[in-house]
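K.L.:
predicted model and sequence follow; I will ask about them next.
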Amino acid sequence: MSEHKIRVLVAKPGLDGHDRGAKVVARALRDAGMEVIYTGLRQTPEMIAEAALQEDVDVVGLSILSGAHMALAPRIVELLKANGQDKVKVFIGGIVPDEDMPRLKEMGITGIYGPGASTEDIVKDILEAMK
Amino acid sequence: MSVMSKPITNSVLEGNRLALARLLTQVENHSPEGRAALAELFPHTGKAHLIGVTGAPGTGKSSLVNQLALHYRKTENKKVAIIAVDPSSPFTGGAVLGDRVRMRDLSGDDGVFIRSMASRGSVGGIAQTTAAFAQIFDAAGYEIVIIETVGAGQSEVDIARLAHTTIVVEAPGLGDDIQAIKAGILEIADVLVINKADRPGVEHTERALCSTLALAHPIPRVYRHHGQTMTVMVPAGAKNLPALEPDSSATRSDMVIWIPPINKTVATEGKGIADVAESIAKHAEHLHVTGDWASRDRARLRSELEAALEAALMSRFFANIQNEKYNDVVEQVVGRTLSPHEAVRKLLNGSSKQENV
Ligand SMILES: Nc1nc2c(ncn2[C@@H]2O[C@H](COP(=O)(O)OP(=O)(O)O)[C@@H](O)[C@H]2O)c(=O)[nH]1
Ligand SMILES: [Mg+2]
């Protein structure tokens, strides 16, 4: 009876203007059998949390190239918790300096991927986190 | 998920959005909790107006749904739920659901709930899940439930059967319009929308639609000619009516026939949306006046009942038969020594007496 599919929201918060990377990841997750809800560019943390709630996702994937991750990511984690979605795992793809990583992990981010990361690794880590 | 069905239905009825979202997931996954909750919510259903929106990919369905929802929020203050269905990949079972990209204007409004749904394979299954989703939104107090599907065959017809009003969206410049404007899909249309009316070729699309529509919906008209009553089938939108005296009773018979209106929109700019909403309202009124609302409801619930009955009878049958016996009969059918009809008789009666049917 268990027909659960992993549902992933792929969102692009902040003001930077292209989503090629996010789309590549979205397709890779689809090819791994996941259901990806793609929300497009320039999402506010509030819009992302609202979509995550309505779609009842297991995972939120954020693409942040603007360098604003320290402002955006914790806010999104906080909103997800406030909505009762504290089990949702949050992943970030983008340009995150090494020194920010420990703090992001502390704030509850499950995985962080730079521009060189392989989509296989992302898929593997999501599957692992869903166990 | 450890949420019990009793609290979850209460929370859904009280407007808890997290409970609503989780219940949709349970139902989509065919969990027993989901089924139990659906049963509890069922008495609260039957109030919503279900609107189907279908058409080829890229015609602007999501953009139109976004505008329609805005319209209902602003001018009628109705709560709106949107079920946006996209196909699953047949190879991996995964999906990219992108309809929300066009619906960002709706964010931040608690009177709107958007749920994306992957078709997950079976044609019958998607119609069933969509129907269940619509019932949940209905029970949760959403007065308008809009269902967006990609126009690609049987699932549209099934969803049209589910919806009270079906909107078929066309757009100019999508290559081969004859291919896009299939008579089959027009038959399910209650309202036709030509979106992207800002694009060249709108007149062409409109003409093509009108002539296909005329074939799909001939209007019977009653005339008196030399003292005799005759019925003439007039194509919808025909300009040159025969020069006969219309009988007064013809006016009445015209009123009970719904001719799908054609509305032109520019969804990206919100143009023409009020006209579409008006067509939808007129269609709902038509359904109420003619009694079709009630009879569609009845037919839909009856077929839902029958589908459930069929499934239950099948599973009871398989629970009560030995595998060997069943496989034996299958082999006889495959070996052409027993026809499927005789096989059924044998399986149900335990006798293989040959009778002429
Ligand atoms: N020019 C023009 N483009 C439109 C209009 N409506 C939608 N679009 C664009 O058409 C594309 C597909 O729209 P979408 O709503 O996603 O179509 P769907 O696949 O049918 O849901 C998008 O790029 C929209 O911005 C319109 O009225 N005019
Ligand atoms: Mg769409």
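P.N.:
Structure received. Ligands and ions are numbered 1, 2, ... in the order given.
K.L.:
quick one: residues contacting the nearest residue to B:L20 once chain neighbours are set aside.
P.N.:
With Cβ to Cβ, 6 or more residues apart in numbering or on different chains as the criterion, B:L20 has its nearest non-adjacent residue at 5.1 Å, and that residue is B:V12. All C-beta atoms are positioned from the backbone trio N, CA, C, and that covers glycine. Going by Cβ atoms under 8 Å, 6 or more residues apart in numbering or on different chains, B:V12 touches B:19-20, B:23, B:37, B:41, B:136, B:139-140.
K.L.:
so B:V12, which state does it fall into?
P.N.:
The three-state label given to B:V12 by DSSP: H, G, I helix; E, B strand; the rest coil is helix.
K.L.:
quick one, grab the pLDDT at it.
P.N.:
Note on B:V12: pLDDT of 96.
K.L.:
who's the residue in chain A that ligand 2 sits nearest to bridged to?
P.N.:
Distance from ligand 2 to each residue of chain A (Cβ to the ion) is smallest for A:Y38, at 11.3 Å. The partner list for A:Y38 in beta bridges (DSSP bridges) reads A:V10.
K.L.:
what's the local residue count around B:A19?
P.N.:
Neighbour count of B:A19, defined by other Cβ atoms under 10 Å in any protein chain shown: 21.
K.L.:
cool, B:D110 as well?
P.N.:
Number of residues near B:D110 (other Cβ under 10 Å) recorded here: 9.
K.L.:
am I right that it sits in a strand?
P.N.:
No - under three-state DSSP, B:D110 sits outside any strand and is assigned coil.
K.L.:
the residue nearest to it when sequence neighbours are not counted: how many residues sit nearby?
P.N.:
Leaving aside its sequence neighbours, B:D110 sits nearest to B:R17 (Cβ to Cβ, 6+ apart; 7.7 Å). Applying other Cβ under 10 Å, we find 17 residues neighbouring B:R17.
K.L.:
my read: B:R17 touches B:F113, true?
P.N.:
Yes - in this structure, B:R17 is within contact of B:F113 by Cβ atoms under 8 Å, at 6.9 Å.
K.L.:
any residues in contact with both of these two?
P.N.:
With Cβ under 8 Å, 6+ apart, B:R17 and B:F113 have common neighbours A:Q54.
K.L.:
before we move on, what's the pLDDT of residue 20?
P.N.:
You didn't say which chain, so I picked chain A. Looking at A:R20, its pLDDT reads 85.
K.L.:
that was the other one, I meant chain B.
P.N.:
With respect to pLDDT, B:L20 has a value of 98.
K.L.:
and the residue nearest to B:L20, how close does it get to A:A129?
P.N.:
Distance, B:V12 to A:A129, using Cβ to Cβ, to the nearest Å: 28 Å.
K.L.:
ok, now B:I321?
P.N.:
Look at B:I321 and A:A129: by Cβ to Cβ, they are 44 Å apart.
K.L.:
okay, the two: which has more neighbours?
P.N.:
Neighbour count, other Cβ under 10 Å: between B:I321 and A:A129, A:A129 has more, with 15 against 12.
K.L.:
name the nearest residue to the more buried one, sequence neighbours excluded.
P.N.:
Once flanking residues are discounted, A:A129 sits nearest to A:K89: 4.8 Å by Cβ to Cβ, 6+ apart.
K.L.:
in JSON lines, list the contacts of B:V12 along with secondary structure and distance to ligand 2.
P.N.:
Below are the contacts of B:V12 laid out as JSON lines (DSSP: H, G, I helix; E, B strand; the rest coil; distance: Cβ to the ion, whole Å):
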{"residue": "B:A19", "secondary structure": "helix", "distance to ligand 2": "27"}
{"residue": "B:L20", "secondary structure": "helix", "distance to ligand 2": "22"}
{"residue": "B:L23", "secondary structure": "helix", "distance to ligand 2": "24"}
{"residue": "B:A37", "secondary structure": "helix", "distance to ligand 2": "29"}
{"residue": "B:L41", "secondary structure": "helix", "distance to ligand 2": "28"}
{"residue": "B:I136", "secondary structure": "helix", "distance to ligand 2": "22"}
{"residue": "B:A139", "secondary structure": "helix", "distance to ligand 2": "26"}
{"residue": "B:A140", "secondary structure": "coil", "distance to ligand 2": "23"}
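K.L.:
so the most centrally placed residue in chain A bridges to which residues?
P.N.:
By Cα atoms, centre = their mean, the mean C-alpha position of chain A lies nearest to A:G61, the distance being 1.3 Å. Assessed by DSSP bridges, A:G61 has beta-bridge partners A:V10, A:F91.
K.L.:
contacts only, for it.
P.N.:
Residues counted as contacts of A:G61 (Cβ under 8 Å, 6+ apart) are A:8-11, A:22, A:25, A:29, A:90-93, A:122.
K.L.:
now the residues you listed in TSV, with distance to ligand 1 and neighbour count?
P.N.:
Shown next, in TSV, are the contacts of A:G61 (distance: Cβ to the nearest ligand atom, whole Å; neighbours: other Cβ atoms under 10 Å in any protein chain shown):
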residue	distance to ligand 1	neighbour count
A:V8	20	29
A:L9	18	29
A:V10	17	27
A:A11	17	28
A:A22	17	24
A:V25	20	24
A:L29	20	27
A:V90	27	24
A:F91	26	21
A:I92	27	25
A:G93	24	24
A:I122	26	19
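K.L.:
please identify the helix or strand for B:R22.
P.N.:
Per DSSP states H and E: B:R22 is located in helix B:17-28.
K.L.:
so what touches that helix?
P.N.:
For helix B:17-28, the external contacting residues (Cβ under 8 Å, 6+ apart) are A:3-4, A:7, A:53-56, A:83-85, B:1, B:3, B:7-9, B:11-12, B:33-35, B:37-38, B:110, B:113, B:115, B:117, B:120, B:129, B:132-133, B:136-137, B:140.
K.L.:
who's in contact with residue 57?
P.N.:
Defaulting to chain A. By Cβ under 8 Å, 6+ apart, the contact set of A:V57 is A:7-9, A:37, A:88.
K.L.:
other chain: chain B
P.N.:
The neighbours of B:P57, taking Cβ under 8 Å, 6+ apart as the test, are B:V150.
K.L.:
please apply the same query to the one 10 residues further on.
P.N.:
When the contact criterion is Cβ under 8 Å, 6+ apart, the partners of B:Q67 are B:265, B:267, B:270, B:273.
K.L.:
closest one of the residues you listed to ligand 2?
P.N.:
Using Cβ to the ion, those come closest to ligand 2 at B:A267, 10.8 Å.
K.L.:
which residue comes closest to the closest one once chain neighbours are left out?
P.N.:
In space, not counting the residues next to it along the chain, B:A267 is nearest to B:S63; the distance is 3.7 Å by Cβ to Cβ, 6+ apart.
K.L.:
how about the helix or strand in which the one you found is found, does it reach ligand 1?
P.N.:
Taking DSSP H and E as the criterion, B:S63 maps to helix B:61-75. Yes - for a cut-off given as Cβ under 6 Å from any ligand atom, helix B:61-75 has contacts with ligand 1, namely B:61-63.
K.L.:
would you mind giving those as a markdown table with distance to ligand 2, pLDDT and neighbour count added?
P.N.:
Below are those laid out as a markdown table (distance: Cβ to the ion, whole Å; pLDDT from 0 to 100; neighbours: other Cβ atoms under 10 Å in any protein chain shown):
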| residue | distance to ligand 2 | pLDDT | neighbour count |
| --- | --- | --- | --- |
| B:K61 | 5 | 96 | 28 |
| B:S62 | 3 | 97 | 23 |
| B:S63 | 8 | 98 | 23 |
